[in-house]
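Asker: requesting a structural model of the entry that follows:
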Amino acid sequence: YTRSKDLGLHTEQVIRLALPGDSASVTRYAALQESLRGIVGVTSVSGTSYSPGTSPSQGGLTLIGAAEKNTVVTAEINSDASFLPTMQMNILQGRNFSENNPSDKTEACLLNEAALNALGISKENPIGKRFNFGGNNGRNLIIIGVVKNFHFESMRKSIRPAIVMMAPSAVNFESFLLKV
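Answerer: Coordinates of the predicted model:
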């Protein structure tokens, strides 16, 4: 069953390389990522705060301008623009992050279908909707894309709401994911 079940992401031939949390590693992040991309057989490299099979951190989403202040707890994944291609995730609407669009690092996000449902956002036109992530000290974000629901925890659990944000810096990354 688990071998034939569509997980919404593909972990086959993905290698996780843990990053040390020291400041020297953060300053060398881009050079290390470029070196990893140069390895024969590596087709994609992504920096991320998430490791497949583990529970990501979480935060609260509140739709801006909604009549009812409904805060939804979501799984939080910080990544770079290569995360979706590395994990072969499907974008149902909108677009992926772009390294060439600086506002993607500060204002943009992707939500899964479960997050749309929990927030009461119509699947017809979610792109451009604004919400707050993280409460009073949080960030105001705009939905640029919707990804197909994906299993980021045990398959024994239902798929819950998730937000993918482009990390402002490599400080947010715990590991590289390498697709070979």
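Asker: neighbours of the nearest residue to residue 64 once chain neighbours are set aside, just the number please.
Answerer: Leaving aside its chain neighbours, residue 64 sits nearest to residue 130 (4.5 Å; criterion: Cβ to Cβ, 6 or more residues apart in numbering). Heads up, the C-betas are built off the backbone N, CA and C, glycines and all. Residues lying near residue 130 (other Cβ atoms under 10 Å) number 12.
Asker: check the spacing between residue 130 and residue 81 real quick.
Answerer: 21 Å (Cβ to Cβ, to the nearest Å).
Asker: and the pLDDT at the nearest residue to residue 113 once chain neighbours are set aside?
Answerer: Excluding its sequence neighbours, the residue lying closest to residue 113 (Cβ to Cβ, 6+ apart) is residue 149, at 4.7 Å. pLDDT, residue 149: 92.
Asker: pretty sure residue 149 belongs to a helix, no?
Answerer: No - using DSSP: H, G, I helix; E, B strand; the rest coil, the secondary structure at residue 149 is coil, not a helix.
Asker: ok, it touching residue 114?
Answerer: Yes - the pair residue 149 and residue 114 passes the contact test of Cβ atoms under 8 Å, sitting 5.5 Å apart.
Asker: looking only at neighbour counts, state which of these two leads.
Answerer: residue 149 (22 against 18).
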